[in-house]
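Next comes the sequence, and after it the predicted model I'd like to discuss.
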Amino acid sequence: MVYSNRGDREHRHRLLFFIILTVWETGSGQVHYSVLEEAKHGTFVGRIAQDLGLELAELVPRLFRVASKGHGDLLEVNLQNGILFVNSRIDREELCGRSAECSIHLEVIVDRPLQVFHVEVEVKDINDN
């Protein structure tokens, strides 16, 4: 019986290793952008598809989507040109209070094969020079 438990433990460790490896390979490096607070609707933030190495023609077939905890409507991606833009006014104080640093963290997800990208958009204070 001792052999069986040891074998189960080794099997679990090997399985955990492969899961961690798969998650690690699925995620890609982080992309960073910045935008001024109170930017108007349509303000250019970045060429997100290009920066992530994705072809424009594959955005729709690969089910390109952006997820953000609690800030889903602030930024949006035009699937025709792959550009990330401001969708609605960003109130820095509402978003981050009086914190010196303020960022919106996005996860970009594409399927076939599954890829997850981490994107950070720093919201800059318009009063900083």
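On my side now, so go ahead.

right, and the helix or strand after the lowest-mean-pLDDT helix or strand in the chain?
Taking mean pLDDT, DSSP states H and E as the measure, the chain has helix 2-26 as its least confident helix or strand, at a mean of 58. From helix 2-26 onward toward the C-terminus, using DSSP states H and E, the following helix or strand is strand 31-36.

Pairing partners for that next one, with directions?
strand 115-124 (parallel) (DSSP bridges).

next one: stretch 122-129 to chain centre, how far?
The chain centroid and the centroid of stretch 122-129 are separated by 22 Å under Cα atoms, centre = their mean, to the nearest Å.

Put the alpha carbons of it into PDB.
Output of stretch 122-129 as PDB, limited to C-alpha atoms (Å, rounded to 0.1, in the frame of the first residue of the first chain):
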ATOM      1  CA  GLU A 122      -2.200  53.200 -16.800                       C
ATOM      2  CA  VAL A 123      -4.700  56.000 -16.200                       C
ATOM      3  CA  LYS A 124      -2.600  59.200 -16.000                       C
ATOM      4  CA  ASP A 125      -3.700  62.200 -14.000                       C
ATOM      5  CA  ILE A 126      -4.400  65.200 -16.200                       C
ATOM      6  CA  ASN A 127      -3.000  67.500 -13.500                       C
ATOM      7  CA  ASP A 128       0.500  65.800 -13.500                       C
ATOM      8  CA  ASN A 129       3.000  67.600 -15.700                       C
END
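
any idea of the mean pLDDT for it?
Averaged across stretch 122-129, pLDDT comes to 81.

Give the buried residues for it.
Under the neighbour-count criterion of 16 or more other Cβ atoms under 10 Å, stretch 122-129 has V123 buried. The C-beta positions use only the backbone N, C-alpha and C, and glycine is treated the same way.

swap in stretch 105-112?
In stretch 105-112, counting by 16+ other Cβ under 10 Å, buried: L106, V108, I109, V110.
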